[in-house]
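Student: below is the structure, and that's it, no one-letter string:
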Ligand code: FE
């Protein structure tokens, strides 16, 4: 429970019932380009076709959008590579070039447009910026767009949280195996990634890397990497 401005209790769990999509919002021009994973993208009008994008002020991409007044939105596909989500979602463009190893193009306005794991994209010009304290809300008009995969299913935040992190029952071992495995790993410890918050649970293993349920953290090879953000084992701490 948390409280609102009038000290009235609000149930934060209720926020998880709001549904979102996941997108990569990019900006910049020339040598300074960046993008980040956003769940705050929505269409606000159809005539003209406009979007609203909400972005944390500390975000490097927010800086680039303020400067250039330009941005692009890439709609991610349902089975987007976790590594891509790790790079665009958990690392800063101040430290690395996020576009270094991914497929992208430069739009007519000069902004980068991520094409990797993308089913549709929009290149936009910012029309208004509203300051919300910690965040900036940009409204933006569409200049160009393209539908890359008409049958592609978009990635939702709920899917990412429940399935991509490997905690879904879908990733669990079969019923018979589960009973066997659970007995063997009753003392197995969970480890948390200090970068992205992903929790390695021996009971679930890491389906992304074909690590079967029942594998202790210590038994993971040294080149194993966090399935969400891609950092190595040294970034994990016992829970
Ligand atoms: Fe991580």
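Tutor: Everything's here; your move. Everything numeric in this text was worked out from a predicted model, so none of it was measured. Numbering: from 1, shown residues only.
Student: what average pLDDT does stretch 68-81 get?
Tutor: Here stretch 68-81 scores 96 as its mean pLDDT.
Student: endpoints of that stretch, how far apart?
Tutor: 29 Å (Cα to Cα, to the nearest Å).
Student: tell me who's in contact with residue 25.
Tutor: Residues in contact with residue 25 (Cβ atoms under 8 Å, 6 or more residues apart in numbering) are 35-36, 38, 41, 53, 55, 61, 71-74. Every C-beta, even on glycine, is put in place using the N, C-alpha and C of the backbone.
Student: max pairwise distance over the residues you listed: which two?
Tutor: 55 and 74 (14.8 Å; Cβ to Cβ).
Student: neighbour count winner among the two?
Tutor: residue 74 (27 against 24; other Cβ atoms under 10 Å).
Student: so what does the host helix or strand of the more buried one touch, helix or strand wise?
Tutor: Taking DSSP states H and E as the criterion, residue 74 maps to strand 70-76. Strand 70-76 sits against strand 23-29, strand 32-38, strand 49-56, strand 112-114, strand 118-132, with contacts defined as 3 or more Cβ pairs under 8 Å, 6 or more residues apart in numbering; DSSP states H and E.
Student: report whether the helix or strand following it contacts the ion.
Tutor: Going down the chain from strand 70-76, the next helix or strand is helix 82-90, by DSSP H and E. No. Judged by Cβ under 5 Å from the ion, helix 82-90 stays clear of the ion, getting no closer than 6.2 Å.
Student: what does helix 82-90 contact?
Tutor: In contact with helix 82-90 (Cβ under 8 Å, 6+ apart) are residues 22, 24, 35-37, 76, 96, 98, 102, 114, 116-117, 160, 164, 195-196, 208, 225-231.
Student: I'd like to know which of these are buried.
Tutor: 22, 24, 35-37, 76, 98, 102, 114, 116-117, 160, 164, 195-196, 208, 225-231 (16 or more other Cβ atoms under 10 Å).
Student: so which of those reach the ion?
Tutor: 195-196, 226, 228-229.
Student: so what touches the helix or strand harbouring residue 61?
Tutor: Per DSSP H and E: residue 61 is located in helix 60-68. With contacts defined as Cβ under 8 Å, 6+ apart, helix 60-68 is touched by 25-29, 32-36, 55-56, 71, 92-94, 110-111, 126, 129, 136, 138.
Student: spell out which residues of the protein are next to the ion.
Tutor: So far as Cβ under 5 Å from the ion goes, the chain lies against the ion at 193, 195-196, 198, 226, 228-229.
Student: let me have these in a markdown table, adding pLDDT and secondary structure as columns.
Tutor: Formatted as a markdown table, the residues of the chain next to the ion follow (pLDDT from 0 to 100; DSSP: H, G, I helix; E, B strand; the rest coil):
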| residue | pLDDT | secondary structure |
| --- | --- | --- |
| 193 | 87 | strand |
| 195 | 79 | coil |
| 196 | 80 | coil |
| 198 | 85 | coil |
| 226 | 89 | coil |
| 228 | 82 | coil |
| 229 | 81 | coil |
